[in-house]
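>>> how would this look folded up:
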Amino acid sequence: MTTKKELPENHIELLGRSSTARESMHSISDTLQNFSPSHENTNAGKQKLSEAISFDWRTSIPGLPIIKTFKEYNKDFLRRDLTAGLSVAVLLIPQSMAYAQLADLPPRYGLYSSIVPVFIYAIFSDTSMTAIGPVAPTCIMISSALATIGWETEEEAVEIATAMTFAVGIIFSIFAFFQLGFIVKFLSRPVMQGFCTGAAFIIASSQLKGLLKLDMEKTQYFYSTFGNAVSALDSAHWQTAVFSFLASAILIGAKLWKVPRWIPVPLMLMVASIVASVAFDLESHGFELVGDIPTGLPGFALPKFSRLSESSIWINSLVLACVLYLASIGLSSSFAVQREQKINANQEIYAYSFAHLVGCFFSSHVVSASFSRTALNAELDNATQGSSFIQGSTIMMALLFLTAPIEKLPKCVLSAVIIASVISLFKYEEWLFLYRVNKPDCVCFSVTVIATLVIGIEPGILVGVLTNMMFLIARDSTPGFAELRRLPGTTEYVDVKRFTDVEKINDVHVCQFRNELFYANVDVFENYMNDLIINIKPKLIIVDFSLVPYIDSNGVRILAQSMTRAKQYDIEIYVAGTRWNVRDAIALGFVHLEREKLRFFLNVDSALHYWEDHREFQKLKETAEEEQEDFPAKGLEDSAESIQDGTQGESRKDRLNSNSIGDEFSEKNASNV
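Alright, predicted model coming up:
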C-alpha cells in the first residue's frame, strides 16, 4: 500500500464510488502535470511564458538562405528552375505592364518592378516557389493612394509610387525587427476576401475607359467611376471595343476551359496584337498604343524623400503593407505545405522589406506575391528561388531588346488582361460558404465589400476590421454558460441542450463557463451564479473551468464574492478542470483578498465524488454525536477504553470533532492551494 509520504508533490487522489472512474484515472500524477504542477513545472511554465512575451533581438537578425541554396545547387535544380523561370517570365511580361496601367503608372514601370525587387527577394526568401511582382489588388491600392494624395503629371505619380515603396520597406523592417507581424491578424480572412471582392468591382469599372476608349475621368470610388463610364458611352471607340471584346473572350475562355498554366495565352495574345497593330496600322485607326518605352534597364535614382513628410503617404503605405503581408505570407505558407516545407515568417518580412528598400532606387512600385505565377512555378516543379533570377533576367532581356515591338501593343489588350485576371477576385463562393457556416463572418465580408465600394479601399478595409473587432468583443462580452448533466453509465458530463438522455444529480448543479473570465463579461458570470444561489438553491454548484483560458482580477473578485454569497445560503461552490495559469491567478487573488483557500478538482466527476463522500462522512459524524447524547454513559466507557489504547483520555466524540480528520480527508481527496 502506498503511503502519503511516497506520493509525489503534485499527486491528486480521487475518491468515488465508481471503480471504472478510479481505473480510468490511474497514473494521474504522471499524465496531468498541467492541472496540478509541481514548483519545478510551474517555474518552467512561467519561464516559457516570459520567453514568449519578451523580445529577443537575436531572432530579429535576418539570414541569407541563398547561401544554403547555393551550396546544395546542382544541374537538376538548374534545369527545373530554368523551365519554370522562363514560363513565369512569359506570363509576367503582359501582366506587369497591365497592372502598372491599373496603378495609373506607365506600363514600363511594371517591367521595372519585376527586376530588382525580384532579385533581392530571391536572396533573402527561404521559400522555394513564391513568385513576386505586380499584382492587381496591390496596384489598385496604389491607384487609390494616388487619387487620395493627388497628382497632375506622370512624374508626380511616379514620385509618389516610389516614395510609397520606400515607406513600405521601412514599415516591413520595423515589423520584422520588433516581430510585430501579429498586428495584421486583425485582417481576418472574411475581411480580406471582402476587400478583394470590392476591389474587383473597382478594377473592372476602372478598365472600362481602356476597353472602350472612353473620354472619362477615373476616381477611387466605384459608383462615381461607373457613373462616369455610363455617361461617356457616346464617346466610345467601337473598333477598340470590338478588339477588347475579342481579347477578353480569348483570355476568359482560356480560364473557363482550364487551359494549362504553362501555355502562355496572354503572351500569345500580346504577340498577335502587336502583329495586327503593325500590319493594319491600328494607331491610324484610333487605337491607343503603349507608346514610347526607353530602351535599357532602369537607372539608379533617389526617391523623392520630401514626399515622406506627408502623413497620407505613411497611412496608405501602412494599410498597403498589412494587406501585402497577410496575402503574401498566407500564399507562401499554403504552397509550402504542399511541398512539406516550413517557412520563417520573420525572414519573409525581411525579404519583402529589402526588396522594396532597394527596389525604390530603381523605379519600382510596391510588389506582392502572385497566386497565378506562384502556382505556375509549383506546377512546373521549380527547385529553388533560382527561378526568380531567371524571371528577372528575362525581363531585363525584354527591356534591352524587345521595347520596339512592345511599343506597338494596343493598350486595350492590357485592359483585357486585367479584366480576365480580376474574375478570380470575385469571391462569390466564399460569401455562400460564410452565409451557410458563420453569419457574423458573412456580415464582415459584406460590410467590407459595401464599404470598399462606397468610401474607398483603405477606409473600406478599416471599416471591415472594426466590424470584425466588434463581433470579437461582442462574443467575449457574452460568453456561453451551459448546464451539464451526466451521461448514464459514464463519468462524462455533457450539455443538456445537446443531449436528451442524461442524469440529473439531486441537489447538485453542474455548469460550464465557456470563455475568458474578464472585466467585460464578469456580469454574465455574476448574474448566472446569483440566479442559481437565490432561485434554484442547490446544495452544491460545480463550475467547470476547463474552457476558461484566462481570468483577470475582476474575474477573481466575482468568483470570491459568489462563493461568499453561496456560503450565506449554505451552498458550496467547487471549481473543476482549471488550467494552471487560471488556478494560480485564483489562488494568488484569494490570498490577497484574505479568503478561504479554494479546493480545485481535476474534473467534474472527481468534485462530485468528493462531495458525496464528504457528505457521508458528515452524516456518520452527526449520527455518532446523536448516539453520544442518547447514551452519555457510553462516553465514560469509551474514555476508559481510550486510556488503555494509549490515546491519553481522548474520547470518540473528541476524535470525531477533531479537525485532523477533516484535514486528512481533504488532503486525500482534493488538491488544496
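
>>> and stretch 95-111, how far out from the chain's middle?
Taking C-alpha atoms, centre = their mean, to the nearest Å, one finds the center of stretch 95-111 at 31 Å from the center of the full chain.

>>> okay, the closest residue to Asp570 other than its chain neighbours: pLDDT?
When the adjacent residues along the chain are set aside, Asp570 lies closest to Lys539, with 7.5 Å between them (C-beta to C-beta, 6 or more residues apart in numbering). Backbone N, C-alpha and C define where each C-beta goes, glycine included. For Lys539, the model assigns a pLDDT of 92.

>>> next one: Lys218
Predicted confidence (pLDDT) for Lys218: 85.

>>> helix/strand/coil for it?
Following DSSP: H, G, I helix; E, B strand; the rest coil, the label given to Lys218 is coil.

>>> for it, what are its contacts?
Taking C-beta atoms under 8 Å, 6 or more residues apart in numbering as the criterion, Lys218 is in contact with Asp104, Ser143, Ala147, Ser206, Lys209, Thr225, Asn228.

>>> element containing the third one?
So that's Ala147. Using DSSP states H and E, Ala147 sits in helix 136-149.

>>> average pLDDT for that helix?
Taken as a whole, helix 136-149 carries a mean pLDDT of 93.

>>> next SSE after that helix?
For helix 136-149, the succeeding helix or strand toward the C-terminus, using DSSP H and E, is helix 154-177.

>>> next, the buried residues of that following helix.
Buried residues in helix 154-177, counting neighbours by 16 or more other C-beta atoms under 10 Å, are found at 157-173, 175-177.

>>> follow-up on the earlier one: residues near the residue nearest to Asp570, how many?
Other residues near Lys539 number 14, with proximity taken as other C-beta atoms under 10 Å.

>>> any idea how far it lies from Arg79?
From Lys539 across to Arg79, the span is 78 Å (C-beta to C-beta, to the nearest Å).

>>> now do Val510
Using C-beta to C-beta, one gets 66 Å for the distance from Val510 to Arg79.

>>> tell me which of these two has more neighbours.
Val510 (26 against 12).

>>> so the more buried one touches Tyr493, yeah?
Yes: applying C-beta atoms under 8 Å, one finds Val510 in contact with Tyr493, separated by 5.6 Å.

>>> coming back round to it: just give me the closest of the contacts of Lys218 to Ser309.
Looking at those and their distance to Ser309, the nearest is Ala147, at 19.8 Å (C-beta to C-beta).

>>> can you tell me the closest non-neighbouring residue to that closest one?
Spatial nearest neighbour of Ala147, excluding adjacent residues (C-beta to C-beta, 6+ apart): Gln220 at 4.0 Å.

>>> the helices in the stretch 301-450 of the chain, which residues?
Taking DSSP state H, counting those that start in this stretch to define them, one finds helices in the stretch 301-450 of the chain at 311-338, 345-359, 371-379, 386-401, 403-406, 411-422, 428-437, 439-455.

>>> want to throw those into a markdown table with mean pLDDT, distance to Ser114 and mean neighbour count?
Conversion of the helices of the stretch 301-450 of the chain to a markdown table gives the following (pLDDT from 0 to 100; distance: least, C-beta to C-beta, whole Å; neighbours: other C-beta atoms under 10 Å):
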| stretch | mean pLDDT | distance to Ser114 | mean neighbour count |
| --- | --- | --- | --- |
| helix 311-338 | 89 | 16 | 19 |
| helix 345-359 | 94 | 10 | 24 |
| helix 371-379 | 91 | 10 | 20 |
| helix 386-401 | 95 | 5 | 21 |
| helix 403-406 | 94 | 13 | 16 |
| helix 411-422 | 93 | 15 | 25 |
| helix 428-437 | 94 | 29 | 14 |
| helix 439-455 | 95 | 27 | 20 |
